[in-house]
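In: okay, sequence plus prediction incoming.
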Amino acid sequence: MPQYLGLDASTQSMTGLIIDTDAQAIVAEESINFDEHFAARYGVENGVVDKGEGVVHSYPLMWIEALELLLVRLRDSGQDLSKIAALSGSGQQHGTVYLNAGASSALNALEAHSSLSDQLSGVFSRDTAPIWMDSSTSRQCQEIEEAVGGQDALLELTGNTAFERFSGPQIRRFFQDEPEAYAATATISLVSSFVASVLAGKLVSVDAGDGSGTNLMDIRTRDWSGKAQEATAPGLANRMAPIAASAKSVGSIHPYFIEKYGFANDCMVLPFSGDNPCSLIGLGLVNPGQAALSLGTSDTLFSCMAEPRVSFEGEGCVFSSPDDVHYMALICFMNGSLAREAVRDRYNLDWQGFTETLRSTEPGNDGRLMLPYFDPEIVPNVSAGVVRQDLAEDDVEGNVRAVIEAQAVSSYIHSRWMAVDIASLNVTGGGSANEEILKVFANVHGCPVQRFETTNSTALGAALKALKGHQTDLSWSSIAETFCQPSDSVIQPEPSTRQIYHRLITAYGKLEQSHGR
């Protein structure tokens, strides 16, 4: 009765999720909220320390404490951790951890009579870790792009232009601002590989999924790019662990965890990955053409691709899939639920009233259009400002349908660079509860839409990585079919709306182009 543990070191919490292959189900899930347990000690709010001027960091030592507390909670809840055959994990992507020369020996020498935090408090050359929320490295982004031959050159090489939150620009700023601390840094880990190193009791490799979120990895060879490393900081190649196959074990769990928590001697540790690649797997996107949409505060579109295609318009990120074969695209639309809520509140509706109004209107909205930029938008990159065409502001029904159709059409238009025919769309997040919204997305994309009610797709994806690494004969498709099933019936597109939405897509694209896309 083998079980598999997936860990998720996210921005605000440390989560553990256990799957059982006999039960074919999630059998345990626990989470440690950083603010609840560590705000007083580390001064974090929402899991981070905002230092101002775009600088946002967190504490690796806090993550270690949370990991220990999580394992205590899993053990004390009655879980027999000796049943776990393998574990893997997810880390908030782009974050970097800076370790000194003593880290390797300290990890190997862990003893069960003392806590992890006590034994590892001295391994850092930098106490804090810059994370994905940090936007302080605009100058470093420009410098890196110039050094490799321009923005398009970096895009072709790594799959992404230089982003402030990505690891490379953050490392460059550290080298420039704190050269002595950089010189004292022997190893730079990602959040994912750092947590995996603690569990394995040794410094471990990075997987390509997380490596592709650094601006340092060649997206096609799935190996570090010497050119990108040289453009970032001197001696960087010697400070980064190699990239290894995602399904290849980095070793057995350290005796510390065997003695203290009851793990089996042969429990395998698989390479951890980033939160976005793990979500891809956790949502069952293991074949090209499969896509998922998270309808949250922002709307995020994920897709599995056979080849690494890039957007020269800067409309998305490209990462390696944890299967080491395919790739993933990620597109983030800032005006997600905030835009839907703005329309709802403008007309004094509750969600039931919003849904009934949407249901009462016709597909295509009689040509009434809205660009729903209630906040500045990322895709396309435009300033805040709602635009209406043939749509009066006091038209309740028209505005309700216009905001939903705009979001669906925008997700269609701005995903075309992937050159993927989306065959199915798995939808999660708060907005997925609204079937009328899902009907619009099914009709615009012309594909089936199915709702997923996964509580933590990243931790589930990590657990599935552990399963695949342990049972290598299983295919990703069979794993996804077992653990990534939709929660209810599939919503099929209505053929009668096909031409309506073809015309609407064209009209919307022209309106968007005319307003500074």
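Out: Structure received. Numbers count the residues shown, from 1 in each chain.
In: is the most centrally placed residue in the chain within a helix or a strand, and which one?
Out: Centroid-nearest residue in the chain, with Cα atoms, centre = their mean: Asn276, separated by 2.3 Å. Secondary structure from DSSP states H and E places Asn276 in helix 275-282.
In: next secondary structure after that helix?
Out: Helix 275-282 is succeeded, C-terminally, by strand 290-295 (DSSP H and E).
In: which strands and helices sit next to that following strand?
Out: strand 299-305, strand 424-428 (3 or more Cβ pairs under 8 Å, 6 or more residues apart in numbering; DSSP states H and E). C-beta here means a position set from N, CA and C on the backbone, and glycine is covered the same way.
In: can I get those strands in a markdown table including mean pLDDT and distance to Gly43?
Out: Putting those into a markdown table (pLDDT from 0 to 100; distance: least, Cβ to Cβ, whole Å) gives the following:
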| stretch | mean pLDDT | distance to Gly43 |
| --- | --- | --- |
| strand 299-305 | 94 | 29 |
| strand 424-428 | 91 | 32 |
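In: okay, the ones you listed in TSV with distance to Glu315 and mean neighbour count next?
Out: Formatted as TSV, the helices and strands packed on strand 290-295 follow (distance: least, Cβ to Cβ, whole Å; neighbours: other Cβ atoms under 10 Å):
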stretch	distance to Glu315	mean neighbour count
strand 299-305	10	24
strand 424-428	18	23
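In: would you turn these into JSON lines with distance to Ala183?
Out: Output for these, formatted as JSON lines (distance: least, Cβ to Cβ, whole Å):
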{"stretch": "strand 299-305", "distance to Ala183": "39"}
{"stretch": "strand 424-428", "distance to Ala183": "44"}
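In: any stretches of the protein with poor pLDDT?
Out: 1, 453-455, 516-517 (pLDDT under 70).
In: domains for it, by residue range?
Out: 3-277, 284-453+487-517 (automatic domain parsing).
In: so which of these gets nearest Ile479?
Out: domain 284-453+487-517 (7.6 Å; Cβ to Cβ).
In: and the strand or helix carrying Phe38, what's buried?
Out: Phe38 is located in helix 34-42, with elements delineated by DSSP H and E. Neighbour counts over helix 34-42 (16 or more other Cβ atoms under 10 Å) mark Phe34, His37, Phe38, Tyr42 as buried.
In: what's downstream of it, the next helix or strand?
Out: strand 49-52.
In: using PDB, write out every CA atom in that following strand.
Out: Extracted as PDB, the C-alpha positions of strand 49-52 are listed here (Å, rounded to 0.1, in the frame of the first residue of the first chain):
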ATOM      1  CA  VAL A  49       8.800  40.900   4.600                       C
ATOM      2  CA  ASP A  50       8.200  44.000   2.500                       C
ATOM      3  CA  LYS A  51      11.300  46.200   2.800                       C
ATOM      4  CA  GLY A  52      10.000  48.900   0.500                       C
END
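In: show me what it is packed against.
Out: strand 55-58.
In: elements contacting the strand it packs on?
Out: Strand 55-58 packs on strand 49-52, strand 129-130, going by 3+ Cβ pairs under 8 Å, 6+ apart.
In: the helix holding Phe38 - contacts with which helices or strands?
Out: helix 60-76.
In: what angle do the helix it packs on and helix 34-42 make?
Out: 130 degrees (axes from the mean of the first three to the mean of the last three Cα atoms, to 10 degrees).
In: contacts for helix 60-76?
Out: 7, 9, 13-16, 18, 28, 30-32, 34, 37-38, 41-42, 44, 81, 97, 115-117, 120-121, 124, 127-129, 191, 194-195, 198-199, 257, 260-262 (Cβ atoms under 8 Å, 6 or more residues apart in numbering).
In: that's a helix at Ser246, yeah?
Out: No - counting by DSSP: H, G, I helix; E, B strand; the rest coil, Ser246 is not part of a helix but coil.
In: I'd say it and Phe272 touch.
Out: No - between Ser246 and Phe272 there is no contact under Cβ atoms under 8 Å: 9.4 Å.
In: which residues do those two both contact?
Out: Asp207.
In: same drill for these two, tell me which one is more crowded.
Out: Higher neighbour count among Ser246 and Phe272: Phe272, with 36 against 27, using other Cβ atoms under 10 Å.
In: now do stretch 496-514: distance to the chain's middle.
Out: Here the centre of stretch 496-514 is set off from its chain's centre by 30 Å, with Cα atoms, centre = their mean, to the nearest Å.
In: pull out the buried residues from it.
Out: Thr497, Ile500, Tyr501, Leu504, Ile505, Ala507, Tyr508, Gly509, Leu511, Glu512.
In: wait, the fourth one touches Gly364, no?
Out: Spelled out, that is Leu504. Yes - taking contacts as Cβ under 8 Å, Leu504 lies within contact range of Gly364: 5.4 Å.
In: shared neighbours, those two?
Out: With Cβ under 8 Å, 6+ apart as the test, Leu504 and Gly364 both reach Glu405.
In: list phi and psi for Ile19.
Out: Backbone geometry at Ile19, expressed as degrees, to the nearest 10, gives phi -110, psi 150.
In: how about the strands in the stretch 151-300 of the chain?
Out: For the stretch 151-300 of the chain, the strands defined by DSSP state E, counting those that start in this stretch occupy 187-190, 206-207, 217-218, 223-224, 243-244, 251-252, 268-269, 273-274, 290-295, 299-305.
In: and the third one, which strands flank it?
Out: The partner list of strand 217-218 in its sheet, established with DSSP bridges, is strand 223-224 (antiparallel).
In: now the last one
Out: Each strand pairing with strand 299-305, determined using DSSP bridges, is listed with its direction: strand 290-295 (antiparallel), strand 327-333 (antiparallel).
In: what's in contact with the shortest one?
Out: Among residues not part of strand 290-295, those counted as contacts by Cβ under 8 Å, 6+ apart are 279-280, 283-285, 299-304, 336-337, 411, 415, 420, 422-432, 437, 441, 452.
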